[in-house]
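Undergrad: show me the folded form of this:
(2 chains, ligands or ions: 1)
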Amino acid sequence: MSTKTQIPHVDYLRLGDRPHLVANECTSCGARYFDRRNACASCFGTDFREVEVATEGVLTSFTIVAFAAPGVPVPFVAGVIDCDGTSVRGNVINTEPDDEHVKLGMKVRLATTSLGTDDDGIEAIGFGFEPAEGASA
Amino acid sequence: MSEDVFILGINMTKFGKHPDLDIQDLGAQAAMAALADADVSMGDMGILAYGNLVGQTFGQQLQKQIGQTGIPVYNVQNACATGATALRTAIMAIKAGECDMGLAVGVEKLAGAGLLGAGGGGGSKDGHHWEPSGRVGAVATTDGRIGTQQMPGTFAQVGMEYLYKNDYEGTPFELFAKISVKNHKHSTLNPLAAYTKEMSLEQVMGDMMIAYPNTRPMCSANCDGAAAAVVVSAAKLKTLSAEQQRRAVKVSASVLTSDPWQEACQVLPDVNTLTRVAAKEAYEQAGVSPEDLDLVELHDCFATAELVHYDNLQLCEPGGAVDFFESGAPWRDGSTPVNVSGGLQSKGHPISATGIANIWEVCHHLRGEAGDRQIEGAKVGMAHVIGLGSACGVHILESSAA
Ligand SMILES: [Zn+2]
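TA: Numbering: from 1, shown residues only, chains lettered A, B, ... in the order given. As a prediction, the model looks like this:
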């Protein structure tokens, strides 16, 4: 697969055979950031290393957004996922967006989704979290 | 500790729609009424602290309407804590000994702006060429695709996170809706509230869903409004009339915090830690305990937010907010009445006015002037606001007659 046919929605999403998220981890205190930081907000250190974030986690909070900015399809489930100690923001996808199917504490795993293709034929790939197999919610 | 500071006069306008009044009209109405309530004039003021977030106006524009005396003006912005920040700025000036009287004003015109923080997000970057930009190199807008950045959904998650952490086993939607039922019931006694209609649980739950579990009546109401307060030093107060001294309300604690770093704060704003820190410091400053509070006005920008602040403000045992609510404690006839004004869900939330309007509500009770909704014998009260980003203001107020 050519590296030029796809582009990740955000730079902390790594594509390929095993899509996953990466974070900038402070080498002093271990705080993790998905965005670029000038210094660590926790300990003020300036040295960071890239680390891989677990692709499976537990849904620790969610909302089902029914009313959003123009162009944002609703309803969608927005949530916080505890991925082995790293909190991640993401949508819960590949399930019905209602409180029968989405439950606090449910096990979820990273999944990718297409955002569409631009005029150069490049497909943008986003991510969300889907119910993990065998999860009984 | 430096000199004590008192609220000498305070006022809020009716919250709601004021199509015929501009921002200066609203600010002037509250400011002039606060000065009249204090029985002083602009000529007595040594500082003006002014907050107006959305309208981007300045205190100097207000001065043109109520009195240009050359005093320093501090224009402050601190999200939904803007009003509390303006008040605290005036209090700090007095504590610093720079003046003995000051005026704080918060004003906002929002009627017709839709739900707070919902809709109207930034322009879509979706184009024909994916182009990474910003600190996460996003090729398309992230709001709605990687969670939500809008207020209703953000605060919905704040409440749901609390339930997850405390192993709640009931029905979240119904629990939060009941909190809204309480505040809408309280609002029926507040003639200055934007909405004063009682709502049943069925009506709250059956209304338009904004961001589960928050329906429309569970969200703060965007509206127009202003509030203003005159603060005075203890030494100056002693030189004023017996009536002014009797009605003065002591500011026993004035605290402002920002959000300290927490593991998850980059993905969901942490409105808890800074509130806990502010409350703890406020109780220490005032030398009172949560059991001493006769009423609390807390920042119920959404029904889901009110629940977590019961805990953050130590109104209940740690982890016990659900039990606290279900015991009836925060109803106006309960042990710790919360949001007897109707709260932001009914009274309305003209952002910059909110942090002074909640002080007005508490002062009204401490002075015994709250009419039909008076909490009998109220001596000590707390006012709390949160601005996302984040800022938290907590004030503890005590009746002078205490
Ligand atoms: Zn660090």
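
Undergrad: just the CA trace of the helix or strand harbouring residue B:285, in CSV.
TA: Residue B:285 is part of helix B:273-286 when elements are defined by DSSP states H and E. C-alpha atoms of helix B:273-286 as CSV (Å, rounded to 0.1, in the frame of the first residue of the first chain):
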residue,chain,number,x,y,z
THR,B,273,-10.2,19.4,41.2
LEU,B,274,-10.2,23.2,40.9
THR,B,275,-13.6,23.4,42.6
ARG,B,276,-12.4,21.1,45.4
VAL,B,277,-9.3,23.2,45.9
ALA,B,278,-11.3,26.4,45.9
ALA,B,279,-13.9,25.1,48.3
LYS,B,280,-11.3,23.8,50.7
GLU,B,281,-9.5,27.1,50.7
ALA,B,282,-12.8,29.1,51.1
TYR,B,283,-13.8,27.0,54.2
GLU,B,284,-10.4,27.7,55.7
GLN,B,285,-10.5,31.4,54.9
ALA,B,286,-14.0,31.8,56.3
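
Undergrad: show residues contacting it.
TA: B:1, B:252-260, B:262, B:289-290, B:309, B:312-314, B:380, B:382, B:384, B:386, B:390-396, B:398 (C-beta atoms under 8 Å, 6 or more residues apart in numbering or on different chains). C-beta coordinates here come from the backbone N, C-alpha and C atoms, glycine included.

Undergrad: could you rerun that using 7 Å?
TA: Outside helix B:273-286, the residues that touch it by C-beta atoms under 7 Å, 6 or more residues apart in numbering or on different chains are B:252-253, B:255, B:257-260, B:262, B:289, B:309, B:312-314, B:384, B:386, B:390, B:392, B:394, B:396.

Undergrad: same for whichever helix or strand comes after that helix, what does it pack against?
TA: Helices and strands here follow DSSP H and E; after helix B:273-286, the next one along the chain is strand B:295-297. Applying 3 or more C-beta pairs under 7 Å, 6 or more residues apart in numbering or on different chains; DSSP states H and E, we find strand B:295-297 packed against helix B:351-366, strand B:380-387.

Undergrad: pLDDT of strand B:295-297, averaged?
TA: Mean pLDDT, strand B:295-297: 98.

Undergrad: pull the distance from stretch B:312-331 to the chain's centre.
TA: 19 Å (C-alpha atoms, centre = their mean, to the nearest Å).

Undergrad: endpoints of it, how far apart?
TA: End-to-end distance for stretch B:312-331: 18 Å, by C-alpha to C-alpha, to the nearest Å.

Undergrad: mean confidence score for it?
TA: Stretch B:312-331 carries an average pLDDT of 98.

Undergrad: list the buried residues for that stretch?
TA: B:312, B:313, B:314, B:315, B:316, B:321, B:322, B:324, B:325, B:329, B:330, B:331 (16 or more other C-beta atoms under 10 Å in any protein chain shown).

Undergrad: helices - which of these land there?
TA: When these are checked against helices (DSSP state H), the matches are B:312, B:321, B:322, B:324, B:325.

Undergrad: surely the fourth one meets residue B:313?
TA: No - in this structure, residue B:324 sits apart from residue B:313 without contact. The criterion is C-beta atoms under 7 Å, and the distance is 10.7 Å.

Undergrad: for the chain, which segments are assigned as strands?
TA: Unless you meant another one, I'm taking chain A. Along chain A, counting by DSSP state E, strands occupy A:6-8, A:13-14, A:20-26, A:32-33, A:48-53, A:56-65, A:76-83, A:86-92, A:107-117, A:123-131.

Undergrad: correction: the question concerned chain B.
TA: Under DSSP E, chain B gives strands at B:5-12, B:48-51, B:73-76, B:101-108, B:209-212, B:214-215, B:225-233, B:249-258, B:295-297, B:380-387, B:391-399.

Undergrad: same list (these) but as a markdown table, adding mean neighbour count.
TA: As requested, the strands of chain B are exported to a markdown table (neighbours: other C-beta atoms under 10 Å in any protein chain shown):
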| stretch | mean neighbour count |
| --- | --- |
| strand B:5-12 | 27 |
| strand B:48-51 | 29 |
| strand B:73-76 | 19 |
| strand B:101-108 | 31 |
| strand B:209-212 | 26 |
| strand B:214-215 | 28 |
| strand B:225-233 | 32 |
| strand B:249-258 | 22 |
| strand B:295-297 | 25 |
| strand B:380-387 | 29 |
| strand B:391-399 | 27 |
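
Undergrad: out of the ones you listed, flag the one nearest residue B:58.
TA: strand B:73-76 (5.1 Å; C-beta to C-beta).

Undergrad: who touches that closest one?
TA: B:47-51, B:58-60, B:63, B:82, B:85-86, B:89.

Undergrad: try 6 Å
TA: B:48, B:49, B:50, B:51, B:58, B:59, B:60, B:85, B:86, B:89 (C-beta atoms under 6 Å, 6 or more residues apart in numbering or on different chains).

Undergrad: residue B:134: neighbouring residues, count only.
TA: Residue B:134 has 13 neighbours, counted by other C-beta atoms under 10 Å in any protein chain shown.

Undergrad: if you could redo that for residue A:6, that was the one I meant.
TA: 17.

Undergrad: what does chain A have sitting close to chain B?
TA: Neighbours of chain B within chain A, by C-beta under 6 Å from any C-beta of the partner chain: A:7, A:9-11, A:35-36, A:41-42, A:60-61, A:63-69, A:71-72, A:78, A:80, A:87, A:89-90, A:104, A:115, A:118-119, A:122, A:124, A:126.

Undergrad: tell me, which of these make contact with the ion?
TA: Contacts with the ion within these, as defined by C-beta under 5 Å from the ion: residue A:42.

Undergrad: just the buried residues from the residues of chain A next to chain B, in ChimeraX please.
TA: Per 16+ other C-beta under 10 Å, the buried members of the residues of chain A next to chain B correspond to this ChimeraX selection:
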select /A:7,9,10,11,41,42,60,61,63,64,65,66,67,68,69,72,78,80,87,89,90,104,115,118,122,124,126
